[in-house]
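J.: got a sequence here, can you build the structure:
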Amino acid sequence: ATSSLDRFLMVWKLKTQCRAYKFVGHVEAVTSVQFSPDGQLLASASEDRTVRLWIPCIHGESSVLKGHTASIRSVSFSHDGHFLVSASNDKSIKIWSVRRQHLLFSLFQHTHWVRCARFSPDGRLVASCSEDKSVKLWDTRNKTCIDSFLDYGGFANFVDFNPSGTCIASAGSNHTVKLWDIRMNKLLQHYKVHRAGVNCVSFHPSGNYLITASTDGTLKILDLLEGRLIYTLHGHKGPVLSVAFSKGGEKFASGGADAQVLLWKTNFDSFDYKEVLKHHIRRTHIDDPPHLLDIYPRSPHLHGEKLQSVEVNPTFDVTNTQTLDPPVIEISSSSSFSTPDDVSSGDLQYPPSSVLATSSKRKSENESESAVHNVDKQTGISPSLGNALEHIVEQLDVLTLTISILEQRLTLTEDKLKECLENQQKMLQQGRQEE
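T.: Numbers count the residues shown, from 1 in each chain. Next up, the predicted model:
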């Protein structure tokens, strides 16, 4: 699944005949998208200040989660699929219940826009990064910040845990990639292999490799065990905005500002990782002891661009199998959407009836967070009650907008106050120098 500034989600069917399904619902740019671990749900975040939960079928059924007062930069599932974490320009991180489809709690300590937030594999921790140049670690049980890593060279665009949950990687606007050990609160590795800001990183399921996407138009693959750059990949005509390994690590996909999604086959490693993946699955449980695979080199490494690596350019090295104009089927979020004649039942699998029933039940419990018309039809709510609920939702939207405006004014006031204090300090320093 992919998201874009064009306000749509696209779900791609990657078979011989490529086909795309366009999900329509957000009213502004879609900034983040992720499948749930079981593949039954799709979460999306948007600049329209909402998170949407979709059932990825041809009916386009979705629920709206409202709570943020500014653009949402990222959304991600917990590894058990029970929770969502979202990060926003309103300087907050919010944790949502997927089953009940409502806000559980918010985390506040960042002093600037929050770019990204991710759950640890066991779900106990959340890592976040912000334009306040900090990477923070949160305990979801106590709802408190337990650690903070500062980077005065620039802010992090993206952060994520390694598969064992012992380290976090941050992608920096200052062209760097950093690995931190969250047990020792220590910088383990520091790579500066890009010529521009790094926008996204993704761990190989083994935890031994990291792939990075940068504004310099390249992808780079880092060997974390040897601490070196091994591949530089060209293909996008412009900044590379996102990258992600497949669940098994056999493939990875990248998305760029050139409006292209490139699918790559992983061939840089021939080792059988089945045993390694078993160990990582065990590490997602709370009481598991430390494993040898958790150990990275103990001292920080600063890597420059002089290390030898293999450069791959698809223009010369790879046969072009790109489908230039795949057929696109538009799917509206309205429940009245009718199935197109040319879509077979095998193109997009219908979720089990139990999932649909659960979704309907969730919606009847959370009318203000879902499409009211859909709930009315499914549960038999009277039109007068439906209209009242619609009015409540509209009033909540107005209230949310008012809070957003007030927060913007408060931010401006804070900036002005900060500027006045800085000017006052400068004047005092000048006065002392003149004396």
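
J.: name the helix or strand of this structure that has the lowest mean pLDDT.
T.: Sorting the helices and strands of the chain by mean pLDDT, DSSP states H and E puts helix 353-365 at the bottom, at a mean of 37.

J.: which stretches of the chain have low pLDDT?
T.: For the chain, the stretches with pLDDT under 70 are 16-19, 60, 268-382, 397-398, 401, 404.

J.: and the longest helix for it?
T.: Secondary structure of the chain per DSSP state H: the longest helix is helix 383-434.

J.: spatially nearest residue to I230 (excluding sequence neighbours)?
T.: Among residues not flanking I230 along the chain, D223 sits closest, at 5.0 Å (CB to CB, 6 or more residues apart in numbering). In short, each C-beta sits where N, CA and C put it, glycine included.

J.: what bridges to the one you found?
T.: Beta-bridge pairing of D223 under DSSP bridges involves Y209, R228.

J.: neighbours around it, how many?
T.: Burial of D223 is recorded as 17 neighbouring residues (other CB atoms under 10 Å).

J.: how near is the most centrally placed residue in the chain to S202?
T.: By CA atoms, centre = their mean, the chain has its centre lying nearest to S74, at 4.1 Å. Using CB to CB, to the nearest Å, S74 is found at 14 Å from S202.

J.: rewinding a little: in contact with the residue nearest to the centre of the chain, which residues?
T.: 31-32, 45, 86-87, 115-118 (CB atoms under 8 Å, 6 or more residues apart in numbering).

J.: from P121, how far out is the residue nearest to I230?
T.: From D223 across to P121, the span is 22 Å (CB to CB).

J.: could you export stretch 114-127 as CSV, CA atoms only?
T.: Taking C-alpha atoms only, stretch 114-127 is exported to CSV below (Å, rounded to 0.1, in the frame of the first residue of the first chain):
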residue,chain,number,x,y,z
VAL,A,114,6.7,15.3,16.0
ARG,A,115,7.8,13.6,12.8
CYS,A,116,7.5,9.9,13.6
ALA,A,117,6.5,7.5,16.4
ARG,A,118,6.9,3.7,16.5
PHE,A,119,6.0,0.9,18.9
SER,A,120,8.7,-1.5,20.2
PRO,A,121,8.3,-5.2,19.2
ASP,A,122,6.9,-6.1,22.7
GLY,A,123,4.6,-3.0,22.7
ARG,A,124,5.9,-1.7,26.0
LEU,A,125,7.8,1.3,24.6
VAL,A,126,7.2,4.0,22.0
ALA,A,127,10.1,5.8,20.2
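
J.: can you tell me the SS state at H79?
T.: Using DSSP: H, G, I helix; E, B strand; the rest coil, the structure places H79 in coil.

J.: give me the nearest residue to it, chain neighbours excluded.
T.: Nearest residue to H79, sequence neighbours excluded (CB to CB, 6+ apart): P121, at 5.2 Å.

J.: next, that neighbour: phi, psi?
T.: Backbone torsions for P121, taken as degrees, to the nearest 10, come to phi -60, psi -30.

J.: just checking, it touches S78?
T.: No - the criterion here is CB atoms under 8 Å, and P121 misses it with S78 at 9.2 Å.

J.: buried sites along the helix or strand where A20 lies?
T.: Using DSSP states H and E, A20 falls within strand 19-24. Residues 19-21, 23-24 are the ones in strand 19-24 that count as buried (16 or more other CB atoms under 10 Å).

J.: farthest-apart pair in the residues you listed, please.
T.: R19 and V24 (16.7 Å; CB to CB).

J.: okay, and the beta partners of L233?
T.: Note on L233: beta-bridge partners L219, V312, judged by DSSP bridges.
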